[in-house]
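Visitor: Output the structure for:
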Amino acid sequence: MKTIIEPFKIKTVEPLTFTTREQRDVMIREAGHNPFLLKAEDVIIDLLTDSGTSAMSAEGWAGIMRGDESYAGARSWYRFEETVKGIFGFKHVIPTHQGRAAERILFGVMVKPGMTVPSNTHFDTTRANIEFLGGRAVDLPCAEGQNPNLPAPFKGNIDLEALESLIRSVGPANVPLVMLTITNNSGGGQPVSMANIRGASGIAHKYGLPFYIDACRFAENAYFIKLREDGYGDRPVTEIVKEMFGYADGCTMSAKKDAFANIGGFLCTNDDQLAAEERDLLILTEGYSTYGGLAGRDLEAIAVGLREVLDEDYLHYRIRSSAYVGDRLNKVNIPIMRPAGGHAVYLDARRFLPHVPPLHYPGWALSVELYLEAGIRAVEIGTVMFGYDPGTGVESPAKMDLVRLAFPRRVYTQSHMDYIVEAVDLVYRRREAIRGMRIVQAPKFLRHFTARFDWI
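Guide: Numbering: from 1, shown residues only. Below you'll find the model as predicted:
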C-alpha cells in the first residue's frame, strides 16, 4: 500500500478550543509576545516542543497503574534499569526527573571553570548548564549543516577536523568530555551518521577523553541511519542502536522525547568512580538512586516507551509524518531546513523574512505570526535562543534563525498537518508586512523562556 497510516488506534481524545485572531492578538500581547507564556488552553495546535507532550499507549498507562512507589529498590526501578541496560548497554544507570537534570549532574561532576565542551550543537539547557559552571560550550556543526537549503543526508554531523583542532588548541586536559546530540535538535533535527559517531568517538579516545551521547531522539536517529547510510538498510534498528552506543562511554537522556513519557530521564556511564560521584549528587539534589526524583509509575512508563519506540512500523510512520509536512511546504516554495528532521520541520526565518535583520529576531516574529494566524505555537531556535553571551553581555546573530514546528508523538493526525501547512502558507503570502521585534525584558540565562517582546 502507498498510503501510510498511523500504526495505532485512538480511543481517548482531548478537545481543542478554537479562538479568533482578535482573541489571539489580545492573548499574545498579554503574554509579552512570548509563546512560552501563553496558556496551553489558548493554543489550537501546540508545536512548541515534542518533550513530554507525547501520547502514551494502553501498555504505557498499564505501567502507570502497576508502579511500585517504594522509596528504595522498587520493582519499577529494576524493570526500568533492566530496560535501559538492555537497549543502551551501559554499566551504570542513574535516573533523573528529566534530561536537564542528567546534564546538570554530569557537568557538575566533570566540568570545571574554563573548561571547553565540544558538540555538534548544544541545545539551550545543555549550553546553560555548562556556562553556569564557568565552562565554554562550543558548537562544531558540519559545513552542510549550516546551509538550510542543502538536502544532505546527515546534516547533524559534527565537524571531525574542527573537533580535533579544538582539542589540540585548548589541550585535552581542558576538555572534560566530547558530546554528540542525536538527532541534532538545534541544527534542524538532522541525524548523525554512524560513521560520524564512530569518528567522534575515535578522536575523543585518541586524546583520552570520554565520549558522551545526548540520546533524546536516539531511535529516530537510528532509523535515519537505516534509511540513509550504506550497510545498514537490512539491519534492525535495535542492532543499530547498540552499535551507536557501543562507541560511547555514557549518555544523557530526556525520556520525554523518544520514550513517550511525560516526565523523566537518565544518565548512564561505564565508569565506576564517576557513577559513584554522580549518585552522591543525585541523592543530594534529585532523590535516592533507585528513583532519582521520579515516581515508580514514571519509571514504568519510561520502560514501556523505550521498547515501543524501537518498533519500526512506528518509526516509519514518524519519519514520514514530518517529511509529509516538509514536502508540502517545499512544493509551495516555503523556505525550510531541508530535508525535514525526524521530530520537527524547521522554517528558515531568514529566508522567510529577508527584510528583518537577525538582531530584530525574524524567528521570533515568525513564531508570533503563526500564533496570530492559526493558533499554532512554535519555538524560535535562533538569535533569541543563542545570540546572547551571558558572560560578556554581547549579542550577535546566531548561525541560523529557525522556527521549529515540533510534532508531539502520536498526538496529531494528517488533517492537523494539513492545517499547519495551510497556516504557514497564509503567513508566507503576507510576509512582507511582518515587522521585527525587540526585547522589553529578559533574564541573564535562557532568556527565551521568560523574556517579553514588542514589535519594532
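Visitor: how about the nearest residue to Asp425, chain neighbours excluded?
Guide: Closest residue to Asp425 apart from its sequence neighbours, by Cβ to Cβ, 6 or more residues apart in numbering: Val332 at 5.6 Å. C-beta: built from backbone N, CA, C; applies to glycine.
Visitor: Now that that neighbour has come up, it's in contact with Leu426, right?
Guide: No: using Cβ atoms under 8 Å, Val332 is not in contact with Leu426; the gap is 10.8 Å.
Visitor: about what we covered before: what about the residue nearest to Asp425, distance to Gly382?
Guide: Applying Cβ to Cβ, to the nearest Å, the value for Val332 to Gly382 is 22 Å.
Visitor: quick one: which of these two has more around it?
Guide: For Val332 versus Gly382, the count of surrounding residues by other Cβ atoms under 10 Å is larger for Gly382: 29 against 11.
Visitor: can you tell me which residues contact the residue nearest to the more buried one when sequence neighbours are not counted?
Guide: Leaving aside its sequence neighbours, Gly382 sits nearest to Asp401 (Cβ to Cβ, 6+ apart; 3.4 Å). Residues near Asp401 by Cβ atoms under 8 Å, 6 or more residues apart in numbering: Asp348, Ala349, Arg350, Pro358, Tyr361, Pro362, Gly363, Glu380, Gly382, Thr383.
Visitor: Any regions of the stretch 201-350 of the chain where pLDDT drops low?
Guide: For the stretch 201-350 of the chain, applying pLDDT under 70 flags no range at all.
Visitor: Now do the helices in it.
Guide: For the stretch 201-350 of the chain, the helices defined by DSSP state H, counting those that start in this stretch cover 218-228, 237-246, 272-285, 296-308, 312-331, 349-352.
Visitor: got the angle between the fifth one and helix 237-246?
Guide: In terms of direction (axes from the mean of the first three to the mean of the last three Cα atoms, to 10 degrees), helix 312-331 departs from helix 237-246 by 80 degrees.
Visitor: and helix 312-331 with helix 218-228, angle?
Guide: Orientation of helix 312-331 against helix 218-228 (the same axes, to 10 degrees) gives an angle of 70 degrees.
Visitor: and helix 312-331, what does it pack onto?
Guide: helix 218-228, strand 344-348, helix 414-429 (3 or more Cβ pairs under 8 Å, 6 or more residues apart in numbering; DSSP states H and E).
Visitor: Among the ones you listed, which comes closest to Glu30?
Guide: helix 414-429 (21.3 Å; Cβ to Cβ).
Visitor: mind putting the helices of the stretch 201-350 of the chain in JSON lines, distance to Lys444 and mean neighbour count included?
Guide: Putting those into JSON lines (distance: least, Cβ to Cβ, whole Å; neighbours: other Cβ atoms under 10 Å) gives the following:
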{"stretch": "helix 218-228", "distance to Lys444": "32", "mean neighbour count": "25"}
{"stretch": "helix 237-246", "distance to Lys444": "35", "mean neighbour count": "18"}
{"stretch": "helix 272-285", "distance to Lys444": "22", "mean neighbour count": "15"}
{"stretch": "helix 296-308", "distance to Lys444": "32", "mean neighbour count": "25"}
{"stretch": "helix 312-331", "distance to Lys444": "34", "mean neighbour count": "18"}
{"stretch": "helix 349-352", "distance to Lys444": "24", "mean neighbour count": "22"}
